[in-house]
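Participant: the sequence isn't on hand, but the structure is:
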Ligand SMILES: N[C@@H](CCC[C@H](N)C(=O)O)C(=O)O
């Protein structure tokens, strides 16, 4: 089976994007999804996205982690918007539908895409750390210097905590404050990848909200990741966050065909 794809990256979170508007891709074939995402046997990526037509939005995006599990992907969603706009079936603003429902988007310039995230209500703490679901679940751990954390081993330990097993584990973000300036350094262990990625959009969003709860950020946070910078903006009313937007670069890398 030959499958055409485009490779995308959003702040170094990299994806295989397949235009499946004719609905030919066997989406229940987890072995195939794992194979395509494998760097040794396939293309290699932090996830696979299927783009489909939608009756309720400009398009639908279905996201798979490299282990075949599904969740919301913030960086992947921004890349999907870039593809839809480039391909002419989405304008400079509109909506798309994905795992957790309908999202608004804005194409701010050629490679700069913003998406609206779902509202967050009543964030909780786990073992003294904020635990926030921004479409994917995220634990946020404050550290003095994120660059010095053993993200693989520390992240894996928290990801497998018994309390998170019923929801399939959690993603884990390590964050340090940069000179109390509303800027933060973040490194993320992603479930489904089972490793550190260079950036995670839903994670960065959760960090922005957590830093506001910690009184380290107002209604905007600038986040540095290993793969580049992202901005999170929102409105807060007590324990309710609304109008949450994630903004940053989304880049087409190359196109190809895989014999899978
Ligand atoms: N990299 C993504 C998050 C992808 C989903 C995550 N691994 C999960 O399973 O919860 C992002 O940019 O948000």
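Facilitator: That came through, no problem. Note that the coordinates shown come from a computational prediction; the quantities given were computed from them, not determined experimentally.

Participant: please list the residues of the stretch 101-250 of the chain that sit near the ligand.
Facilitator: Counting by C-beta under 6 Å from any ligand atom, the stretch 101-250 of the chain comes close to the ligand at 136, 171, 190-193, 197, 200-202. All C-beta spots, glycine's among them, are computed from the backbone N, C-alpha and C.

Participant: repeat that for 8 Å
Facilitator: Residues of the stretch 101-250 of the chain lying near the ligand by C-beta under 8 Å from any ligand atom: 134-138, 168-171, 188, 190-193, 197, 199-205.

Participant: out of those residues, list just those in helices.
Facilitator: With helices taken from DSSP state H, the overlap with these comprises 201-205.

Participant: for the host helix or strand of residue 60, packing partners?
Facilitator: Using DSSP states H and E, residue 60 sits in strand 59-64. Contacts defined by 3 or more C-beta pairs under 8 Å, 6 or more residues apart in numbering; DSSP states H and E place strand 59-64 against strand 48-52, helix 74-86, strand 93-98.

Participant: pLDDT of it, averaged?
Facilitator: For strand 59-64, mean pLDDT is 98.

Participant: do it and the ligand meet at all?
Facilitator: Yes - on the criterion C-beta under 8 Å from any ligand atom, strand 59-64 is in touch with the ligand at residue 63.

Participant: that strand versus helix 74-86: what angle between them?
Facilitator: On the basis of axes from the mean of the first three to the mean of the last three C-alpha atoms, to 10 degrees, strand 59-64 is oriented at 140 degrees to helix 74-86.

Participant: on that earlier part again, please work out which of the helices and strands packed on strand 59-64 is packed deepest.
Facilitator: helix 74-86 (a mean of 26; mean count of other C-beta atoms under 10 Å).

Participant: mean confidence for that helix?
Facilitator: So the average pLDDT for helix 74-86 ends up being 98.

Participant: so what's the residue nearest to residue 208 when sequence neighbours are not counted up against?
Facilitator: Counting by C-beta to C-beta, 6 or more residues apart in numbering, residue 208 lies nearest to residue 232, which is 3.2 Å off, once chain neighbours are set aside. Shown in contact with residue 232 (C-beta atoms under 8 Å, 6 or more residues apart in numbering): 204-205, 207-209, 220-221, 223, 244-247.

Participant: run the last query once more with 10 Å
Facilitator: 74, 117, 134, 184, 201, 204-209, 211-212, 217, 219-223, 244-248 (C-beta atoms under 10 Å, 6 or more residues apart in numbering).

Participant: buried ones from those residues, can you make that a PyMOL selection?
Facilitator: Filtering the contacts of residue 232 down to the buried ones (16 or more other C-beta atoms under 10 Å) takes a single PyMOL command:
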select buried, resi 74+117+134+184+201+204+205+206+207+208+209+211+212+217+221+223+244+245+246+247+248
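
Participant: taking the contacts of residue 232 one by one, which sit in strands?
Facilitator: 117, 184, 220-223, 244-248 (DSSP state E).

Participant: of these, which is the nearest to the ligand?
Facilitator: Nearest to the ligand among those is residue 246, at 8.5 Å by C-beta to the nearest ligand atom.

Participant: can you pull the pLDDT of the closest one?
Facilitator: Note for residue 246: predicted pLDDT of 98.

Participant: who is it paired with across the strands?
Facilitator: residue 115, residue 232 (DSSP bridges).

Participant: the one 10 residues further on now?
Facilitator: With DSSP bridges applied, residue 256 shows beta-bridge pairing to residue 5.

Participant: low-confidence regions, the stretch 151-260 of the chain specifically.
Facilitator: 180 (pLDDT under 70).

Participant: grab the nearest non-local neighbour of residue 258.
Facilitator: Ranked by C-beta to C-beta, 6+ apart and with sequence neighbours excluded, the top spatial neighbour of residue 258 is residue 3, at 5.2 Å.

Participant: what's the local residue count around that neighbour?
Facilitator: Neighbour count of residue 3, defined by other C-beta atoms under 10 Å: 18.
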